[in-house]
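> got a structure for you, letters missing:
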């Protein structure tokens, strides 16, 4: 049981590291920067995690059409 938890903990750490790296890459992209500059003050006040999640959601919604 301990090995399963340790493996699960490592997986969570790896997931967190991947998300941090991906989030930073997205946040530094020109598309995200343009989207953020055109966004409302409310969106600009969000944490970076929330901004990136909203940007990805809106981008995927637009691509779906």
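Now that the structure is in, tell me what you want to look at. Quantities reported herein were computed from a predicted structural model and do not represent experimental measurements. Numbering: from 1, shown residues only.
> packing partners of the helix or strand of the chain with the lowest mean pLDDT?
In the chain, no helix or strand scores lower on mean pLDDT, DSSP states H and E than helix 2-27, which sits at a mean of 84. Using 3 or more CB pairs under 8 Å, 6 or more residues apart in numbering; DSSP states H and E, the elements in contact with helix 2-27 are helix 48-64. Yep, even glycine has a C-beta here, placed from its N, CA and C like the rest.
> what's the burial count for residue 55?
19 (other CB atoms under 10 Å).
> swap in the one 4 residues further on?
Residue crowding around residue 59 was assessed by other CB under 10 Å; the count is 14.
> how close does it get to residue 14?
Per CB to CB, to the nearest Å, residue 59 is found 25 Å from residue 14.
> again, but for residue 64
29 Å.
> so those two - more neighbours on which side?
residue 14 (10 against 6).
> give the contact list for the more buried one.
Listed by CB atoms under 8 Å, 6 or more residues apart in numbering, the contact set of residue 14 is empty.
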